[in-house]
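Student: Next one to model:
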Amino acid sequence: MVKLPQIPNLPPKEELEFKEKAFLLEAREQFRQTSKKWYYALLTAVILSIPLGFILRRQIASYIISRYQPPVVNQNLYHALDLKTAEVDFIPVSPGLFSAYAHVFNPNADLSARSFDYEFSFKNQNGQVYKTAQGQSFLLPGASRFVIVPAVAVAETPTEINFTAANPRWTRAALPANPEFTVLQPRWGDSDGKFFVEALVKNPYSFIVSKVNVSVVIFDRGNREVLGANHTVLDDLEPLETRYFRVLWPRPQAELFTQSLGQIQIRAEINPLDPQFNLEDAGRLPSR
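Tutor: Modelled structure (predicted):
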(Lines give C-alpha, C1' and ligand atoms only; values in the text may rest on other atoms or scores of the structure.)
Protein backbone atom coordinates (compact mmCIF):
# COMPACT_ATOMS: atom_id res chain seq x y z
CA MET A 1 0.00 0.00 0.00
CA VAL A 2 1.44 3.33 -1.08
CA LYS A 3 1.55 5.98 1.63
CA LEU A 4 0.71 9.43 0.33
CA PRO A 5 2.60 12.42 1.73
CA GLN A 6 0.64 14.56 4.13
CA ILE A 7 -0.38 17.96 2.79
CA PRO A 8 0.28 20.68 5.38
CA ASN A 9 -2.74 22.55 6.58
CA LEU A 10 -2.70 26.19 5.48
CA PRO A 11 -3.83 28.83 7.95
CA PRO A 12 -7.19 30.42 7.30
CA LYS A 13 -7.44 33.36 4.92
CA GLU A 14 -8.24 35.80 7.75
CA GLU A 15 -5.06 34.83 9.56
CA LEU A 16 -2.91 35.39 6.47
CA GLU A 17 -4.41 38.83 5.91
CA PHE A 18 -3.78 39.72 9.55
CA LYS A 19 -0.13 38.66 9.34
CA GLU A 20 0.32 40.69 6.13
CA LYS A 21 -1.05 43.84 7.74
CA ALA A 22 1.04 43.27 10.83
CA PHE A 23 4.17 42.99 8.67
CA LEU A 24 3.37 46.21 6.82
CA LEU A 25 2.77 48.10 10.07
CA GLU A 26 6.03 46.83 11.51
CA ALA A 27 7.94 47.83 8.35
CA ARG A 28 6.33 51.29 8.47
CA GLU A 29 7.40 51.74 12.08
CA GLN A 30 10.94 50.72 11.18
CA PHE A 31 11.07 53.32 8.39
CA ARG A 32 9.77 56.00 10.79
CA GLN A 33 12.39 55.21 13.35
CA THR A 34 15.20 55.29 10.75
CA SER A 35 17.21 58.56 10.61
CA LYS A 36 16.62 60.78 7.60
CA LYS A 37 20.37 60.83 7.05
CA TRP A 38 20.14 57.28 5.73
CA TYR A 39 17.46 58.30 3.26
CA TYR A 40 19.60 61.20 2.06
CA ALA A 41 22.56 58.86 1.77
CA LEU A 42 20.47 56.38 -0.23
CA LEU A 43 19.19 59.12 -2.53
CA THR A 44 22.72 60.47 -3.02
CA ALA A 45 23.99 56.97 -3.82
CA VAL A 46 21.25 56.46 -6.42
CA ILE A 47 21.97 59.83 -8.06
CA LEU A 48 25.73 59.26 -8.11
CA SER A 49 25.40 55.70 -9.38
CA ILE A 50 24.05 56.89 -12.75
CA PRO A 51 27.12 58.90 -13.97
CA LEU A 52 29.43 56.57 -12.06
CA GLY A 53 27.92 53.64 -13.93
CA PHE A 54 28.63 55.28 -17.30
CA ILE A 55 32.21 56.10 -16.26
CA LEU A 56 32.90 52.61 -14.93
CA ARG A 57 31.34 51.01 -17.98
CA ARG A 58 33.60 53.03 -20.27
CA GLN A 59 36.68 52.33 -18.17
CA ILE A 60 35.94 48.61 -17.99
CA ALA A 61 35.27 48.47 -21.74
CA SER A 62 38.57 50.28 -22.45
CA TYR A 63 40.42 47.92 -20.16
CA ILE A 64 38.90 44.82 -21.79
CA ILE A 65 39.62 46.14 -25.30
CA SER A 66 43.23 47.00 -24.40
CA ARG A 67 43.75 43.51 -23.02
CA TYR A 68 42.27 41.82 -26.09
CA GLN A 69 44.74 39.95 -28.25
CA PRO A 70 43.36 39.44 -31.77
CA PRO A 71 44.07 36.07 -33.37
CA VAL A 72 47.09 35.92 -35.63
CA VAL A 73 46.08 36.05 -39.28
CA ASN A 74 48.28 34.11 -41.67
CA GLN A 75 48.90 36.48 -44.56
CA ASN A 76 50.67 33.79 -46.55
CA LEU A 77 48.19 30.95 -47.01
CA TYR A 78 50.49 29.15 -49.41
CA HIS A 79 53.89 27.58 -49.00
CA ALA A 80 55.47 29.82 -51.61
CA LEU A 81 59.12 30.21 -52.49
CA ASP A 82 60.53 33.69 -52.01
CA LEU A 83 60.91 36.00 -54.98
CA LYS A 84 64.40 35.82 -56.47
CA THR A 85 66.54 38.74 -57.58
CA ALA A 86 68.95 37.99 -60.40
CA GLU A 87 70.54 41.41 -60.84
CA VAL A 88 70.50 44.76 -59.02
CA ASP A 89 72.43 47.86 -60.05
CA PHE A 90 72.35 51.63 -60.40
CA ILE A 91 73.21 53.67 -63.50
CA PRO A 92 74.44 57.29 -63.54
CA VAL A 93 72.14 59.54 -65.55
CA SER A 94 73.57 62.97 -64.76
CA PRO A 95 75.42 64.53 -61.79
CA GLY A 96 73.41 63.73 -58.66
CA LEU A 97 70.85 61.63 -60.59
CA PHE A 98 70.81 57.84 -60.92
CA SER A 99 68.53 55.12 -62.28
CA ALA A 100 68.06 51.88 -60.37
CA TYR A 101 66.83 48.52 -61.57
CA ALA A 102 66.38 44.96 -60.34
CA HIS A 103 65.61 41.83 -62.34
CA VAL A 104 63.08 39.90 -60.21
CA PHE A 105 61.91 36.32 -60.80
CA ASN A 106 58.92 34.39 -59.39
CA PRO A 107 60.05 30.75 -58.92
CA ASN A 108 56.50 29.52 -58.17
CA ALA A 109 54.90 27.82 -61.15
CA ASP A 110 51.32 28.02 -59.82
CA LEU A 111 51.30 31.15 -57.64
CA SER A 112 51.07 34.78 -58.67
CA ALA A 113 52.32 37.66 -56.59
CA ARG A 114 49.25 39.85 -56.95
CA SER A 115 51.45 42.61 -55.55
CA PHE A 116 54.65 42.99 -53.56
CA ASP A 117 56.49 45.89 -51.98
CA TYR A 118 60.03 46.71 -52.98
CA GLU A 119 62.77 49.06 -51.84
CA PHE A 120 66.08 50.18 -53.31
CA SER A 121 68.67 51.24 -50.71
CA PHE A 122 71.60 53.42 -51.78
CA LYS A 123 74.74 53.14 -49.64
CA ASN A 124 77.82 55.33 -49.39
CA GLN A 125 81.43 54.21 -49.04
CA ASN A 126 80.92 53.68 -45.29
CA GLY A 127 78.13 51.21 -45.95
CA GLN A 128 75.47 53.57 -44.60
CA VAL A 129 72.07 53.82 -46.28
CA TYR A 130 71.50 57.46 -47.16
CA LYS A 131 68.72 57.18 -49.74
CA THR A 132 65.83 54.79 -50.40
CA ALA A 133 63.21 54.44 -53.11
CA GLN A 134 60.06 52.36 -52.58
CA GLY A 135 57.27 51.10 -54.79
CA GLN A 136 54.97 48.22 -55.59
CA SER A 137 54.95 45.69 -58.41
CA PHE A 138 53.58 42.24 -59.34
CA LEU A 139 54.72 38.93 -60.85
CA LEU A 140 52.79 36.18 -62.58
CA PRO A 141 53.67 32.46 -62.11
CA GLY A 142 57.18 31.66 -63.34
CA ALA A 143 57.59 35.16 -64.78
CA SER A 144 60.39 37.69 -64.45
CA ARG A 145 60.43 41.44 -64.95
CA PHE A 146 62.61 44.47 -64.48
CA VAL A 147 61.63 46.69 -61.57
CA ILE A 148 62.83 50.19 -62.48
CA VAL A 149 63.16 53.52 -60.73
CA PRO A 150 63.97 55.93 -63.58
CA ALA A 151 65.52 58.78 -61.60
CA VAL A 152 66.67 59.09 -58.00
CA ALA A 153 68.32 62.32 -56.82
CA VAL A 154 71.18 61.60 -54.39
CA ALA A 155 73.54 63.82 -52.43
CA GLU A 156 76.62 61.71 -53.19
CA THR A 157 77.65 58.98 -55.59
CA PRO A 158 76.55 55.60 -54.20
CA THR A 159 79.02 52.75 -53.90
CA GLU A 160 76.45 50.00 -53.36
CA ILE A 161 72.75 49.38 -53.82
CA ASN A 162 70.49 46.78 -52.21
CA PHE A 163 67.06 45.60 -53.29
CA THR A 164 64.43 43.94 -51.12
CA ALA A 165 61.06 42.48 -52.14
CA ALA A 166 58.63 42.00 -49.27
CA ASN A 167 54.99 41.29 -48.41
CA PRO A 168 54.00 39.34 -51.53
CA ARG A 169 50.23 38.78 -51.79
CA TRP A 170 50.14 35.27 -53.20
CA THR A 171 47.15 33.95 -55.11
CA ARG A 172 46.23 30.93 -57.20
CA ALA A 173 43.66 32.91 -59.16
CA ALA A 174 43.30 31.52 -62.66
CA LEU A 175 44.23 33.81 -65.53
CA PRO A 176 41.83 33.37 -68.45
CA ALA A 177 44.22 35.37 -70.62
CA ASN A 178 47.74 36.68 -70.37
CA PRO A 179 47.22 40.26 -71.58
CA GLU A 180 49.62 41.29 -74.31
CA PHE A 181 50.05 44.76 -75.72
CA THR A 182 51.65 45.29 -79.10
CA VAL A 183 54.62 47.67 -79.27
CA LEU A 184 54.87 49.26 -82.71
CA GLN A 185 57.50 51.35 -84.51
CA PRO A 186 60.17 51.60 -81.78
CA ARG A 187 62.74 54.35 -82.39
CA TRP A 188 65.58 55.89 -80.43
CA GLY A 189 68.22 58.53 -80.84
CA ASP A 190 69.06 62.10 -79.83
CA SER A 191 66.75 65.09 -79.90
CA ASP A 192 67.62 68.54 -78.56
CA GLY A 193 70.66 67.15 -76.73
CA LYS A 194 68.70 64.35 -75.04
CA PHE A 195 68.60 60.63 -75.76
CA PHE A 196 65.10 59.22 -76.23
CA VAL A 197 63.26 55.97 -76.87
CA GLU A 198 59.78 56.15 -78.37
CA ALA A 199 57.16 53.75 -79.72
CA LEU A 200 53.46 53.10 -80.07
CA VAL A 201 51.48 50.85 -77.71
CA LYS A 202 48.21 49.34 -78.93
CA ASN A 203 45.33 48.31 -76.69
CA PRO A 204 43.92 45.19 -78.43
CA TYR A 205 40.85 44.98 -76.20
CA SER A 206 37.37 46.39 -76.62
CA PHE A 207 37.37 48.08 -73.21
CA ILE A 208 39.36 50.83 -71.51
CA VAL A 209 42.59 49.76 -69.81
CA SER A 210 43.23 52.11 -66.91
CA LYS A 211 47.00 51.59 -66.49
CA VAL A 212 49.72 50.17 -68.73
CA ASN A 213 53.28 49.94 -67.39
CA VAL A 214 55.94 50.53 -70.04
CA SER A 215 59.53 49.60 -69.22
CA VAL A 216 62.56 50.32 -71.40
CA VAL A 217 65.82 48.45 -70.83
CA ILE A 218 68.89 49.14 -72.97
CA PHE A 219 71.54 46.42 -73.28
CA ASP A 220 75.09 46.51 -74.52
CA ARG A 221 76.10 45.03 -77.85
CA GLY A 222 76.43 41.56 -76.30
CA ASN A 223 72.96 41.89 -74.72
CA ARG A 224 74.37 41.04 -71.30
CA GLU A 225 74.99 44.32 -69.50
CA VAL A 226 72.24 46.83 -68.82
CA LEU A 227 73.31 50.29 -69.92
CA GLY A 228 70.11 52.19 -69.25
CA ALA A 229 66.62 51.75 -67.83
CA ASN A 230 63.52 53.89 -67.89
CA HIS A 231 59.83 53.59 -67.16
CA THR A 232 56.54 55.34 -67.87
CA VAL A 233 52.81 54.72 -67.38
CA LEU A 234 50.05 55.07 -69.96
CA ASP A 235 46.66 55.86 -68.42
CA ASP A 236 43.19 55.08 -69.73
CA LEU A 237 43.87 53.50 -73.10
CA GLU A 238 40.64 53.51 -75.08
CA PRO A 239 39.43 50.33 -76.82
CA LEU A 240 41.71 49.48 -79.76
CA GLU A 241 43.61 52.76 -79.24
CA THR A 242 47.25 53.11 -80.29
CA ARG A 243 49.09 55.47 -77.91
CA TYR A 244 52.43 57.19 -78.54
CA PHE A 245 55.00 57.45 -75.73
CA ARG A 246 58.53 58.77 -75.37
CA VAL A 247 60.98 58.40 -72.48
CA LEU A 248 63.94 60.76 -72.18
CA TRP A 249 67.40 60.86 -70.67
CA PRO A 250 68.88 64.28 -69.81
CA ARG A 251 72.04 63.77 -71.92
CA PRO A 252 72.82 62.64 -75.49
CA GLN A 253 73.68 59.07 -76.36
CA ALA A 254 77.43 59.66 -76.67
CA GLU A 255 77.62 60.96 -73.08
CA LEU A 256 75.31 58.36 -71.60
CA PHE A 257 76.73 55.20 -73.13
CA THR A 258 80.39 54.46 -73.63
CA GLN A 259 79.56 51.17 -75.36
CA SER A 260 77.66 50.33 -78.52
CA LEU A 261 74.00 49.67 -77.98
CA GLY A 262 72.50 46.23 -78.44
CA GLN A 263 68.91 45.23 -77.85
CA ILE A 264 66.47 47.82 -76.56
CA GLN A 265 63.75 45.91 -74.76
CA ILE A 266 60.36 47.63 -74.57
CA ARG A 267 57.65 45.89 -72.58
CA ALA A 268 54.09 47.15 -72.18
CA GLU A 269 52.20 45.17 -69.57
CA ILE A 270 49.44 45.32 -67.01
CA ASN A 271 48.67 43.45 -63.84
CA PRO A 272 45.86 41.07 -64.89
CA LEU A 273 45.07 40.47 -61.21
CA ASP A 274 44.29 44.15 -60.68
CA PRO A 275 40.54 44.49 -59.94
CA GLN A 276 40.39 47.36 -62.45
CA PHE A 277 41.23 44.96 -65.28
CA ASN A 278 38.23 43.05 -66.62
CA LEU A 279 39.45 39.46 -66.75
CA GLU A 280 36.16 38.10 -68.06
CA ASP A 281 36.28 40.36 -71.09
CA ALA A 282 39.97 39.61 -71.58
CA GLY A 283 39.22 35.89 -71.55
CA ARG A 284 36.67 36.23 -74.36
CA LEU A 285 38.84 38.35 -76.61
CA PRO A 286 41.97 37.41 -78.54
CA SER A 287 45.21 38.97 -77.37
CA ARG A 288 46.02 40.17 -80.86
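
Student: Buried residues, stretch 125-133. List them.
Tutor: Using 16 or more other Cβ atoms under 10 Å as the test for burial, stretch 125-133 gives 131, 133. Bear in mind the C-beta positions are built from the backbone N, C-alpha and C, glycine included.

Student: According to the record, where do the domains of this protein fall?
Tutor: The domain map for the chain lists 79-173, 174-288, with the assignment taken from automatic domain parsing.

Student: mean pLDDT for those: which is lowest?
Tutor: Least confidently modelled of the domains of the chain is domain 174-288, at a mean of 86 by mean pLDDT.

Student: In TSV, list the domains of the chain along with distance to residue 64.
Tutor: Converted to TSV, these look like this (distance: least, Cβ to Cβ, whole Å):
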stretch	distance to residue 64
domain 79-173	31
domain 174-288	37
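
Student: which residues in the stretch 151-288 of the chain form helices?
Tutor: For the stretch 151-288 of the chain, applying DSSP state H, counting those that start in this stretch gives helices covering 253-256, 279-284.

Student: now the stretch 1-150 of the chain
Tutor: Using DSSP H, counting those that start in this stretch, helices in the stretch 1-150 of the chain cover 13-33, 36-67.

Student: tell me the mean pLDDT over the longest one?
Tutor: Rounded to a whole number, the mean pLDDT of helix 36-67 is 74.

Student: which helices and strands sit right next to it?
Tutor: Using 3 or more Cβ pairs under 8 Å, 6 or more residues apart in numbering; DSSP states H and E as the contact test, no helix or strand touches helix 36-67.

Student: how about it: buried residues?
Tutor: Within helix 36-67, no residue is scored as buried using 16+ other Cβ under 10 Å.

Student: My guess is residue 154 contacts residue 129. True?
Tutor: No - applying Cβ atoms under 8 Å as the test, residue 154 and residue 129 come out as separate, 11.4 Å apart.

Student: Give me the common contacts of these two.
Tutor: In terms of Cβ atoms under 8 Å, 6 or more residues apart in numbering, residue 154 and residue 129 are both contacted by the residues residue 122.

Student: follow-up on the earlier one: tell me which of the domains of the chain sits nearest to residue 51.
Tutor: domain 79-173 (47.1 Å; Cβ to Cβ).

Student: mind listing what the closest residue to residue 173 other than its chain neighbours touches?
Tutor: Using Cβ to Cβ, 6 or more residues apart in numbering and skipping residues adjacent in sequence, the residue nearest residue 173 is residue 273, 6.0 Å away. Going by Cβ under 8 Å, 6+ apart, residue 273 touches 112, 114, 138, 171, 173, 175.

Student: Great, nothing more from me.
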